[in-house]
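Asker: pasting the sequence and the predicted coordinates here, then a few questions.
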Amino acid sequence: MFFRRQHKQSPPPAPDDQRPGPELRRRQIENRIRDLRGQIRHSKWWMALFFLLSLGAAADFRFLPPISDQTRQFLGISPSPTLISIALIIYAFSALILILGRMNTSSTRFRGWSHIAYLAGFYLFYFYSGDLRENFWPVFIAGLTILGLESYRVWSFCSEAIREEEKMLKFLER
């Protein structure tokens, strides 16, 4: 429920002989505008969450307990920073291609929560390998680019939809 917001069910369409009144239509438009503004606000919250995660990574996750020797033995040796960097590059280009492809659809949903999880994984892989300080900026810049483009996509579509809905409201007020 935290990650996915439920869509509100719209009322069933009115029968042909009973058209919805202007007040009902106005409330429906206002609800859609409020939902669209909420989508823009949610994308900003996800960006803030990424900045908090990055702040922890910049501090080298000092607030986390150190990894014990038993845990290190269980996990094994970490992948080399070069392999992690190659995976980061592949991930970043793939994510950008998917976001650019979604720009052509009319989706208002911010799909950045999965990106935040992947970026947190890259921070943790670098942390485990002991090279987080040297590789903080590539992960941060990739995350900023991916989440920024995703936020722009949602903002752009929602802003246009809000303008259209406001035009309909002005038409109803005549």
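Answerer: Received it, and whenever you're ready, just let me know what you need.

Asker: tally of neighbours for I33?
Answerer: A count of nearby residues for I33, using other Cβ atoms under 10 Å, gives 19. Yep, even glycine has a C-beta here, placed from its N, CA and C like the rest.

Asker: quick one, what contacts it?
Answerer: Residues near I33 by Cβ atoms under 8 Å, 6 or more residues apart in numbering: 162, 165-166, 169.

Asker: assign it to helix, strand or coil.
Answerer: Secondary structure, DSSP: H, G, I helix; E, B strand; the rest coil: I33 is helix.

Asker: quick one: pLDDT of it?
Answerer: Looking at I33, its pLDDT stands at 89.

Asker: also L96?
Answerer: 94.

Asker: go on, the one 5 residues further on?
Answerer: Reported pLDDT at G101 in the predicted model: 86.

Asker: for burial, what's the neighbour tally of it?
Answerer: 9.

Asker: which helix or which strand is home to it?
Answerer: helix 81-102 (DSSP states H and E).

Asker: for A57, same thing?
Answerer: Here A57 is assigned to helix 22-58, by DSSP H and E.

Asker: ok, residues contacting the helix or strand just after that helix?
Answerer: Remark: after helix 22-58, the chain's next helix or strand is helix 69-75, criterion DSSP H and E. Contact with helix 69-75 is made by Y128, as judged by Cβ under 8 Å, 6+ apart.

Asker: going forward, count from 487.
Answerer: Right, with 487 as the first residue, what we last looked at is helix 555-561.

Asker: what's the pLDDT at the residue nearest the centre of the chain?
Answerer: Computing the C-alpha centroid of the chain and ranking residues by Cα atoms, centre = their mean puts G598 first, at 2.0 Å. pLDDT for G598: 78.

Asker: quick one: contacts for it?
Answerer: 529, 532-533, 536, 632-633, 636-637.

Asker: can I get these in CSV with neighbour count and pLDDT?
Answerer: CSV is the format used below for the contacts of G598 (neighbours: other Cβ atoms under 10 Å; pLDDT from 0 to 100):
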residue, neighbour count, pLDDT
S529, 24, 86
W532, 19, 90
M533, 19, 91
F536, 21, 95
I632, 23, 95
L633, 23, 94
E636, 24, 90
S637, 18, 90
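
Asker: that'll do, ta.
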